[in-house]
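Asks: Here is my input, please return the structure:
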Amino acid sequence: MNPLWRSMYGPGLFHEAERARLSTEGDALVAEGLDGSLRVHVRRAPGVRHRVTLQGATGAVAVTSRRLVIFVNGSTRIDVTHRDPVRRRIDVRLAGADRVEFSCALDVLRPGSEGTVRLRLRTTHAPELVRRLNGSG
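Replies: Below you'll find the predicted structure:
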């Protein structure tokens, strides 16, 4: 990723407190310092009719036996247990050998909005993240 983007969005690392919490949850797969892209397609939201934005992203992903945590561009965007109905609405797939894609309807993150959100992150752990989150293997 361009050093300017990284200086704007941060290094893509979990905060120390979050990292400590994750370490207490057992079998955790943590991938930090990831580069990628965030695409938001808004079809309808309060004050907005239609808009598509695509921006660079830095982030971190953690999958524990209890939950999924996604940290993007300096803040936690998703922190859900695997049994939470929100988790079932987040699609996870491989977007290449070293890329994982998270996608969901926009109303998962912004109630009252219509559209989609797609986050792609580059990591060597992509196949393992997809396997753990989709429950295969």
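Asks: Leaving out chain neighbours, which residue sits closest to Thr58?
Replies: Gly12 (3.4 Å; CB to CB, 6 or more residues apart in numbering). Bear in mind the C-beta positions are built from the backbone N, C-alpha and C, glycine included.
Asks: so what pLDDT did the one you found get?
Replies: The per-residue pLDDT reported for Gly12 equals 87.
Asks: mind checking how far it is from Glu114?
Replies: Distance from Gly12 to Glu114, counting by CB to CB, to the nearest Å: 29 Å.
Asks: who has more neighbours, these two?
Replies: More neighbours surround Gly12 than the other of Gly12 and Glu114, with 23 against 15 (other CB atoms under 10 Å).
Asks: I'd say that one and Ala60 touch.
Replies: Yes: the criterion here is CB atoms under 8 Å, and Gly12 meets it with Ala60 at 5.4 Å.
Asks: what mean pLDDT does stretch 77-93 have?
Replies: Mean pLDDT, stretch 77-93: 93.
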